[in-house]
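Undergrad: Any chance you could fold what I've pasted below:
(chains A and B)
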2 protein chains.
Amino acid sequence: MMNVPLTVGSLLERAERFFPKKQVISRTHSRIHRLTYKEVGERTRRLMSALKTLGIRKGERAGTLAWNHHRHLEVYFAAPGIGAVLHTINMRLSPEHIIYIINHAEDKVLFIDEDIVPLIERIADKLPTVKAYVIMTDQPEMPETTLQPVYSYEQLLKAGNPDEQFITDIGENEPAGMCYTSATTGNPKGVIYSHRGIVLHSYALGLADTAALSESDVAMAVVPMFHVNAWGVPFAAAWFGTTQVMPGPQFTPKLLAEFIEQEKVTITAGVPTIWLGLMRELEEASYDISSLRAVLCGGSAAPRGMIQTFEQKFNVPFLHAYGMTETSPLATVSRLKSYQSNLSEEEKLDQRAKQGLLVPGLEMKIVGAHGEVAWDGKEMGELLIRGPWIANEYYKDERTNEAFKDGWLYTGDVATVDEEGVIKLVDRTKDLIKSGGEWISSVDLENALMAHEAVFEASVVAVPDAEWQERPVACVVLKDHFKGQVEKEELLQFLAPQFAKWWLPDDVVFIEEIPKTSVGKFLKRALREQLKGHYAEKN
Amino acid sequence: MMNVPLTVGSLLERAERFFPKKQVISRTHSRIHRLTYKEVGERTRRLMSALKTLGIRKGERAGTLAWNHHRHLEVYFAAPGIGAVLHTINMRLSPEHIIYIINHAEDKVLFIDEDIVPLIERIADKLPTVKAYVIMTDQPEMPETTLQPVYSYEQLLKAGNPDEQFITDIGENEPAGMCYTSATTGNPKGVIYSHRGIVLHSYALGLADTAALSESDVAMAVVPMFHVNAWGVPFAAAWFGTTQVMPGPQFTPKLLAEFIEQEKVTITAGVPTIWLGLMRELEEASYDISSLRAVLCGGSAAPRGMIQTFEQKFNVPFLHAYGMTETSPLATVSRLKSYQSNLSEEEKLDQRAKQGLLVPGLEMKIVGAHGEVAWDGKEMGELLIRGPWIANEYYKDERTNEAFKDGWLYTGDVATVDEEGVIKLVDRTKDLIKSGGEWISSVDLENALMAHEAVFEASVVAVPDAEWQERPVACVVLKDHFKGQVEKEELLQFLAPQFAKWWLPDDVVFIEEIPKTSVGKFLKRALREQLKGHYAEKN
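TA: So this is what the prediction gives:
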């Protein structure tokens, strides 16, 4: 067979050639832009030549601090398009972590949304590797800034060459992208994505049995583009000629619902918190969301009750998936097998609420205290994954040794696997509650609590216990109209029939909001800190 | 990213692990077998250990002379599963070509269906490289044979190790499969398929926008397993957990229609000749074929009238595709783009009758007399293809230099490409009719003729002409109940409004049957010979 490398540039090239009329619909700070792939292609080529003019060379990192919009999409292809590395930065991290990340990656250029400029101005003197700041704005005038040297994105494009060619003289294992993932303690950890990994992952997104991303789709990635390449949707969607809807800096539930209705979005992707918000919006106001054929949900486990609401109340198929920064991220997708069509609605929902089946191309095993666990849906163990779009290290980081062993990624996720090979996450290894030598899954308790009609969100964490080592405590946010009307006892009685007695939380604490990470995951560390304070006050 | 090679063994391993209950339904000479993927997996592992016992080593070729059934499927995975090479042999070729192929590939073992044994016995003394003959039969007793040394397939399996492991210590560019393609003149030419190529091609078959092969499908490859790996369906179907229906040595239209009805086949794949036969069967008898979601058709251009009959009369979506032995074979698939839904039924059919859009992962260009042709649907040129599942040579064959140049495969197919990037084959470079310095597409004329209600099959070939160099002559097979009732003039008048006057055939010759290749393609060389005789008699 021909020795043709898999490269990121070829993905956009296909969109340019075969889908030049198809659109990218992008909301920025000031307005909605409608560009064709022909235009996005030409602008990307201009940007590639501009990057070269700025002195960015093969292998060097181009950082972005930006929301989901067409300019960010152009950098997605332009950086790997010249053999450089797209480095998406989570601007919601602390300034210290942002400084660490930019210096650790040795970013040579930063692409910055106008609302992020002040944040970068405050840390610019600590960024010695950055040779150029590029501000992405709709305005004809650049905002006033202390950043130096600074360029206007659109001015750079104007001066660029629209016929610049995508690099072909590059090995497919060369880096194309980079993303840092937050660590429980210490600095974020860098993950490198290769050209090969991104292309294979794009195939995985197009398979009929996974997300089935298609030319006929209108795809809206709500998951931020600084979070694992927006799950690879921008790459795959361009390749397949899929219309892309990019919600920009503001993605309130209301704006998302409007966008779905107006642009006839068929598939959208985001974390459970986003869908909880959208669910509330859809319950309160009326939208036509009949175009939706799939809500792809990952990042953390989706509550069963939410899946049920989307499927049965809104009639929107819910695609529960699993992955992480280290897995590009698509690792599993939950779909029923064809012979499961005769299950009851409840059984189907149980199955769909699991994380699902490994995507073609990956391998897995689940390792408990005594080796690989039985495929019985009960025995818990840590999920290990390997495959061509799974990271093999943290970039220049000693913590590589903790997560990558014997050719496997140790995910830090605790899971069971049933007779069908379907995995169900039960916890993070660090969030498991170890009580009296047994394991209690905080996630199972949370999902059960969130199925209660009064509960908006719930998080269960371990508190130290003299007798049992650790015991579970539930932190619950009630829905507005239930506030003050539900007691701890009611919730514990609601849980009682579903769990062994020793699993039941020792306490239920009602709080106003569950602290979250910048990508919407429950921040259990912060919650455990809060609880310490709570019990200190109480005692 | 992890350095994990793409290997063929991993495809079946996924079926074993995640779809152990799904079935392979296989018709052999004597009966229908129903095996689960768990059983196929175990039998394949036994076969792998048997191959090792027979002394087959990494890189060596294992030949097959067999129909589409489960044992052939097991060899598909067992040979590459130990690092050897699956070499499928077209037993319909002449004995001389079969001898050439086996010697050229240096096959070490031959797997032979019982009905093929006599054929091999007659040539066995000319096969010095073959160390073992394995006969695939349902019978407890081996047939009497002069082949030596000879083994019973089922006996080998009984002695084999069910826990044999698929090779992992192998580069993905190593050969996994091999197939010879007939040449216009001279010996067949060998094409090698790598592990990487087969896996990437399997991804391509699973994409929502191509064949969308899925776990929920029941796939029946009618295209023989000795013809470009049955278009890769056996590999991809196992990977995705798709039920496989294998029609065995007899695939008459009646048996195919019955199989579709009984096994609720959802997707089937084969050449136009097969579907012409099925079409006649469906017109004559009544079958429930409502399970079919797609008829994948390739190998040669499908007549527009046939696509129309399947779609409009039988309500079966027709997936027109294009490829060749050198392209693994999937290269293009014809589907409408989402924004073409407002075309008229006629326009849609016109578009669907083209060969379609390049599959993600490949590159193409069409080169005419003056370089790349315009994308206007008119200008003709030779189709060039490149990509990771495209051959880069003919195995140990000087003719490599004719077809592989500057990193491209010169397909020998003449095509146009329209504004949408959709290609339409207009001829083989060797079948084009060169009349007065202009090109006439024999295929266009054939398709137009086959749209006439009286015409069953038609082939248009060049005859030498003193004045114009070449002129077209049409050879027509009438449907039974139209025989003797249609004149040459009627057909020419039918064509006249559709073509420039100088395109119209100089003559129409009514014949009983169009000679075909062993894989059902029109054998134009033989037709040109027949015509020589025809005109010699006439004159």
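
Undergrad: just for chain A, where's the confidence low?
TA: By pLDDT under 70, the weakly predicted segments of chain A are A:184, A:518-519, A:538-539.

Undergrad: tell me the domain boundaries of it?
TA: If you go by automatic domain parsing, the domain ranges for chain A are A:8-251, A:362-428, A:433-538.

Undergrad: list the contacts for A:Phe522?
TA: A:Phe522 sits next to A:300, A:459, A:514-516 when contact means C-beta atoms under 8 Å, 6 or more residues apart in numbering or on different chains. Quick note: C-beta positions are derived from backbone N, CA and C, even for glycine.

Undergrad: so it bridges to which residues?
TA: A:Lys516 (DSSP bridges).

Undergrad: Same check on A:Lys405?
TA: Beta bridges link A:Lys405 to A:Trp408, judged by DSSP bridges.

Undergrad: Measure how buried it is and give me the count.
TA: A total of 11 residues lie near A:Lys405 under the criterion other C-beta atoms under 10 Å in any protein chain shown.

Undergrad: Ok, A:Trp502 next?
TA: By other C-beta under 10 Å, 12 other residues sit near A:Trp502.

Undergrad: coming back round to it: which one of the domains of chain A lies closest to B:Asn229?
TA: The minimum distance between B:Asn229 and the domains of chain A falls on domain A:8-251, with 18.8 Å, by C-beta to C-beta.

Undergrad: start to end distance for the closest one?
TA: Length of domain A:8-251, first residue to last, C-alpha to C-alpha, to the nearest Å: 28 Å.

Undergrad: same deal with stretch A:323-335?
TA: 15 Å.

Undergrad: Which positions within that stretch qualify as buried?
TA: Across stretch A:323-335, burial judged by 16 or more other C-beta atoms under 10 Å in any protein chain shown covers A:323-335.

Undergrad: Kindly report the same for stretch A:26-35.
TA: Of the residues in stretch A:26-35, those buried (16+ other C-beta under 10 Å) are A:26-29, A:33, A:35.

Undergrad: Just give me the closest of those to A:Arg92.
TA: Minimum distance to A:Arg92 across those is 17.0 Å, recorded for A:His29 (C-beta to C-beta).

Undergrad: In this structure the closest one contacts A:Ile116, no?
TA: No. Assessed by C-beta atoms under 8 Å, A:His29 is found out of contact with A:Ile116, at 10.7 Å.

Undergrad: about what we covered before: what's the closest of the domains of chain A to B:Leu282?
TA: Closest to B:Leu282 of the domains of chain A, according to C-beta to C-beta: domain A:8-251, at 26.5 Å.

Undergrad: Next one: the closest one, is it in contact with chain B?
TA: Yes. Using C-beta under 8 Å from any C-beta of the partner chain, domain A:8-251 reaches chain B at A:10, A:14, A:17-19, A:21-22, A:173, A:192-194, A:196-197, A:199-200, A:202-204, A:206-209, A:212-216, A:239-241.

Undergrad: Please convert the buried residues of stretch A:26-35 to JSON lines, extending it with secondary structure.
TA: Listed next are the buried residues of stretch A:26-35 as JSON lines, based on DSSP: H, G, I helix; E, B strand; the rest coil:
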{"residue": "A:Ser26", "secondary structure": "strand"}
{"residue": "A:Arg27", "secondary structure": "strand"}
{"residue": "A:Thr28", "secondary structure": "coil"}
{"residue": "A:His29", "secondary structure": "coil"}
{"residue": "A:His33", "secondary structure": "strand"}
{"residue": "A:Leu35", "secondary structure": "strand"}
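
Undergrad: count of neighbours near the residue in the stretch 401-539 of chain A that chain B sits nearest to?
TA: Residue of the stretch 401-539 of chain A nearest chain B, by C-beta to the nearest C-beta: A:Gly421 (4.2 Å). As a burial measure, A:Gly421 scores 19 neighbours (other C-beta under 10 Å).

Undergrad: do A:Glu42 as well
TA: For A:Glu42, the count of nearby residues is 21 (other C-beta under 10 Å).

Undergrad: Helix, strand, or coil at it?
TA: Strictly by three-state DSSP, A:Glu42 counts as helix.

Undergrad: Contact partners for it?
TA: Here A:Glu42 is in contact with A:Pro162 (C-beta under 8 Å, 6+ apart).

Undergrad: can you give me the strands for the stretch 1-150 of chain A?
TA: Taking DSSP state E, counting those that start in this stretch as the criterion, the stretch 1-150 of chain A carries its strands at A:23-27, A:32-36, A:61-65, A:85-88, A:109-113, A:132-136, A:150-152.

Undergrad: now these in JSON lines, with distance to B:Gln493?
TA: Output for the strands of the stretch 1-150 of chain A, formatted as JSON lines (distance: least, C-beta to C-beta, whole Å):
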{"stretch": "strand A:23-27", "distance to B:Gln493": "47"}
{"stretch": "strand A:32-36", "distance to B:Gln493": "45"}
{"stretch": "strand A:61-65", "distance to B:Gln493": "66"}
{"stretch": "strand A:85-88", "distance to B:Gln493": "62"}
{"stretch": "strand A:109-113", "distance to B:Gln493": "66"}
{"stretch": "strand A:132-136", "distance to B:Gln493": "65"}
{"stretch": "strand A:150-152", "distance to B:Gln493": "67"}
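
Undergrad: now for those, which one comes closest to A:Gln312?
TA: Going by C-beta to C-beta, the one of the strands of the stretch 1-150 of chain A nearest A:Gln312 is strand A:23-27, 30.0 Å.

Undergrad: Within its sheet, name the partner strands of the closest one and how each one runs.
TA: Take DSSP bridges as the rule and strand A:23-27 pairs in its sheet with strand A:32-36 (antiparallel), strand A:243-246 (parallel).

Undergrad: what's downstream of the last one, the next helix or strand?
TA: What it means is strand A:243-246. Next helix or strand after strand A:243-246 toward the C-terminus (DSSP states H and E): helix A:253-263.

Undergrad: Name the residues that touch that following helix?
TA: Taking contacts as C-beta under 8 Å, 6+ apart, the residues outside helix A:253-263 that touch it are A:25, A:27, A:218, A:220, A:222, A:243, A:245, A:247, A:265, A:268, A:274, A:277-278, A:280-282, A:285, A:287-289, A:291-292.

Undergrad: Which positions in it come out as buried?
TA: So for helix A:253-263, counting by 16+ other C-beta under 10 Å, buried means A:253, A:256-257, A:259-261, A:263.

Undergrad: re earlier: select from the contacts of A:Phe522 the one having the most neighbours.
TA: A:Ser459 (26 neighbours).

Undergrad: part of a strand, is that one?
TA: Yes. Using three-state DSSP, the assignment for A:Ser459 is a strand.
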